[in-house]
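Undergrad: Provide a 3D model corresponding to the input given below.
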Amino acid sequence: MKVPIGLQVWPVQKEFVADVPGTLQAIAKMGYDGVELCYYWPQVWDHADDIRKVCDGEGLKVVGSHVRYPDMQGDTLKRLIEFSQAVGQRNIIVATLPEEILLSRAKLLETAAWFNWMTTLLRAEGLRLGYHNHAKEFVPVEGGDMPWDLLIGLTVPDMIMQEDIGHVVRGNADPFVYLERYPGRAKLVHIRGFSATDPNVLVGEGDLDWQRLFKVCEGVGGTEWYIVEQSATTLSPMETAQRCLENWRKMGK
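TA: Residues are numbered from 1 along each chain as shown. Sure thing, here's the model as predicted:
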């Protein structure tokens with residue numbers, strides 16, 4: 001079964017916050033199957049019904065939203081749950097963690113326990129929790145453990161490992177190691193081009209073995225969505241998103 005492709009709106013944030021309906025329509029016209037939002041923008045959290053209406057009209061699925069770690073509490077969490085149910089998204093992904101946590105083994109252990117608790121809370125609401133990496137999750141802390149291993153290895157199996165493939169490589173780690181180490185956890189995978197010599201490569205280009213990625217994600221990874229989050233290139237953000245999707249289709253996806 002073909003795995004759908006979505007776009008994380010962070011790289012096109014200028015266009016998105018200026019014109020939410022128009023940008024969603026443009027993303028659908030490119031041929032993307034879905035979008036991953038950034039909940040921390042008021043243009044998103046105050047307009048669930050409008051976003052749902054546009055996406056339904058364009059046949060665009062709201063896959064989920066990136067959220068800020070401090071927002072996962074109190075009234076903000078309640079509002080996030082209500083937003084998720086209104087917009088039709090199932091996945092809530094913590095976009096990053098403070099450096100003070102990522103540099104401390106003790107704090108990472110505390111955070112893993114918090115992820116377990118929050119996963120249970122959201123599960124009761126029909127939602128799933130996940131975490132998205134950058135490069136710092138692959139810098140060992142005291143004892144030699146990788147933050148990524150502590151955050152994923154010590155959390156419950158239905159906590160999503162949103163592995164950002166490009167960031168893993170940028171952190172001098174092997175993305176395939178973690179996809180295989182934590183089978184079934186990579187429900188949502190972030191994809192971007194990476195090259196050690198060319199900062200402007202797109203999805204489908206650069207140093208990554210793309211065919212191996214497909215095989216591992218769709219085999220042991222349990223991947224349900226691929227999500228493009230391509231860093232700035234010499235092209236405009238919207239042109240970058242378009243070209244990434246074109247390259248994706250050329251790879252037979």
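Undergrad: can you pull the alpha-carbon coordinates of the longest helix along the chain into CSV?
TA: When the chain is parsed with DSSP state H, its longest helix is helix 105-123. Output of helix 105-123 as CSV, limited to C-alpha atoms (Å, rounded to 0.1, in the frame of the first residue of the first chain):
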residue,chain,number,x,y,z
ARG,A,105,20.9,12.1,31.5
ALA,A,106,18.9,12.6,34.7
LYS,A,107,16.6,15.1,33.0
LEU,A,108,16.2,12.8,29.9
LEU,A,109,15.1,10.0,32.2
GLU,A,110,12.5,12.3,33.8
THR,A,111,11.3,13.4,30.4
ALA,A,112,11.0,9.9,29.1
ALA,A,113,8.7,9.2,32.1
TRP,A,114,6.7,12.3,31.3
PHE,A,115,6.3,11.1,27.7
ASN,A,116,4.9,7.9,28.9
TRP,A,117,2.4,9.7,31.2
MET,A,118,1.4,12.1,28.4
THR,A,119,1.0,9.3,25.9
THR,A,120,-1.5,7.6,28.2
LEU,A,121,-3.4,10.8,28.7
LEU,A,122,-3.6,11.6,25.0
ARG,A,123,-4.5,7.9,24.1
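Undergrad: what angle sits between the following helix or strand past that helix and helix 105-123?
TA: Going down the chain from helix 105-123, the next helix or strand is strand 128-132, by DSSP states H and E. Orientation note: strand 128-132 sits at an angle of 150 degrees relative to helix 105-123 (axes from the mean of the first three to the mean of the last three C-alpha atoms, to 10 degrees).
Undergrad: ok, residues contacting strand 128-132?
TA: Residues from elsewhere that reach strand 128-132, judged by C-beta atoms under 8 Å, 6 or more residues apart in numbering: 64, 66, 90-97, 115, 118-119, 122, 151-152, 158-162, 164, 187-188, 190. In this view, the C-beta of every residue, glycine as well, is placed from N, C-alpha and C.
Undergrad: again, only using 7 Å
TA: 66, 90-96, 115, 118-119, 122, 151, 158-160, 162, 164, 188, 190 (C-beta atoms under 7 Å, 6 or more residues apart in numbering).
Undergrad: I'd like to know which of the residues you listed are buried.
TA: Among the contacts of strand 128-132, those that count as buried by neighbour count (16 or more other C-beta atoms under 10 Å) are 66, 90-96, 115, 118-119, 122, 151, 159-160, 162, 164, 188, 190.
Undergrad: Just the ones of those in strands?
TA: 66, 91, 92, 93, 94, 160, 162, 188, 190 (DSSP state E).
Undergrad: Which one of these is nearest to residue 80?
TA: residue 92 (6.7 Å; C-beta to C-beta).
Undergrad: how close does the closest one sit to residue 144?
TA: 31 Å (C-beta to C-beta, to the nearest Å).
Undergrad: check contacts around the closest residue to residue 83 other than its chain neighbours.
TA: In space, residue 83 comes closest to residue 48 once its chain neighbours are excluded; the distance is 4.8 Å by C-beta to C-beta, 6 or more residues apart in numbering. Listed by C-beta under 7 Å, 6+ apart, the contact set of residue 48 reads 83, 86, 87.
Undergrad: rerun that using 10 Å as the cut-off
TA: 37, 62, 79, 82, 83, 84, 85, 86, 87, 88, 89 (C-beta atoms under 10 Å, 6 or more residues apart in numbering).
Undergrad: Now the buried members of the residues you listed.
TA: Buried among those by 16+ other C-beta under 10 Å: 37, 62, 83, 84, 87, 89.
Undergrad: Confirm that residue 35 sits in a helix.
TA: No - counting by DSSP: H, G, I helix; E, B strand; the rest coil, residue 35 falls outside a helix, being strand.
Undergrad: And the residue nearest to residue 83, its phi and psi?
TA: phi -60, psi -50 (degrees, to the nearest 10).
Undergrad: what's stretch 73-83 in contact with?
TA: Under C-beta under 10 Å, 6+ apart, the answer for stretch 73-83 is 37, 39-40, 44-49, 51, 65, 67-68, 70-72, 89, 92, 114, 118, 121-122, 124-127.
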